[in-house]
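Novice: Dropping the sequence and predicted coords here.
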Amino acid sequence: MDAIVLLRDDHKTVEKLFKAFEKAGEDAHAEKRRIADEVIEELTVHAVIEEEVFYPAAREAAPDTTDHVLESVEEHHVVVWMLSELAGMDPADERFDAKMTVLMENVRHHVEEEEKEWFPEVRKAMGRNRLVELGERLEEAKKTATRDPLEVPSATR
Ligand SMILES: [Fe+2]
Ligand SMILES: [Fe+2]
């Protein structure tokens with residue numbers, strides 16, 4: 001699969017989880033815990049494969065995207081720390097929904113920038129064959145990626 005199509009599919013999966021979270025009732029603590037845990041896993045794996053495989057390849061193929069890549073890593077940094085906090089927080093805690101809301105705002109902004117502002121440049125620079133080859137590497141990387149947000153490279157860099 002084309003690398004950018006794969007990453008956009010991940011974004012859609014996460015957006016569906018966000019919508020489900022927003023629809024869950026105020027006191028649906030077990031459901032919110034389950035959704036949050038899925039969000040944590042999806043976004044952790046996604047951040048790892050972007051940081052370890054896609055971002056370096058994008059930067060090399062399209063050096064003009066370097067500033068976008070660097071900004072994206074800083075956004076990941078904030079997101080993975082929020083994920084680690086959500087992992088250890090009781091959904092009944094009054095700060096839980098607030099933290100999820102800010103996480104969703106951050107991720108939606110980040111995804112919009114990736115999809116609108118710089119992935120198209122990468123697509124143009126790489127072309128179809130390289131994107132398909134890169135997509136295979138992303139799929140492989142998913143299998144072994146950590147599920148611990150604080151083990152994402154940007155967490156401690
Ligand atoms: Fe990203
Ligand atoms: Fe992404």
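Specialist: Done, it's in. Ligands and ions are numbered 1, 2, ... in the order given.

Novice: where do the helices sit along this protein?
Specialist: If you assign secondary structure with DSSP state H, the helices in the chain sit at 3-23, 29-49, 55-61, 66-87, 96-112, 119-144.

Novice: so which of these comes closest to Pro153?
Specialist: Put simply, out of these the one that sits nearest Pro153 is helix 29-49, at 7.4 Å, with distance taken as Cβ to Cβ. The way it works is simple: take the backbone N, C-alpha and C, and place the C-beta from them, glycine included.

Novice: And the contacts of that closest one?
Specialist: Applying Cβ atoms under 8 Å, 6 or more residues apart in numbering, the contact partners of helix 29-49 are 7, 10, 13-14, 17-18, 20-21, 24-25, 76, 79-80, 83, 86-87, 90-92, 96-97, 100, 103, 107, 138, 141-142, 145-149, 152-154.

Novice: Buried residues in it, which are they?
Specialist: Judged by neighbour count using 16 or more other Cβ atoms under 10 Å, the buried positions of helix 29-49 are 32-36, 38-49.

Novice: for stretch 62-80, same thing?
Specialist: Of all the residues in stretch 62-80, those buried under the rule 16+ other Cβ under 10 Å are Ala62, Thr65, His68, Val69, Ser72, Val73, Glu75, His76, His77, Val79, Val80.

Novice: Pick the one among those residues closest to Leu131.
Specialist: Nearest to Leu131 among these is Ala62, at 11.9 Å by Cβ to Cβ.

Novice: so the closest one touches Val122, yeah?
Specialist: Yes. In this structure, Ala62 is within contact of Val122 by Cβ atoms under 8 Å, at 5.2 Å.

Novice: ok, for Leu150, nearest residue in space, not its chain neighbours?
Specialist: Computed as Cβ to Cβ, 6 or more residues apart in numbering, the closest residue to Leu150 that is not its neighbour in sequence is Ser84, at 5.0 Å.

Novice: Count residues in the vicinity of the one you found, would you?
Specialist: For Ser84, the number of neighbouring residues by other Cβ atoms under 10 Å comes to 18.

Novice: circling back to that earlier point, can you redo the helices of the chain as TSV with mean pLDDT?
Specialist: TSV is the format used below for these (pLDDT from 0 to 100):
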stretch	mean pLDDT
helix 3-23	98
helix 29-49	98
helix 55-61	97
helix 66-87	98
helix 96-112	98
helix 119-144	98
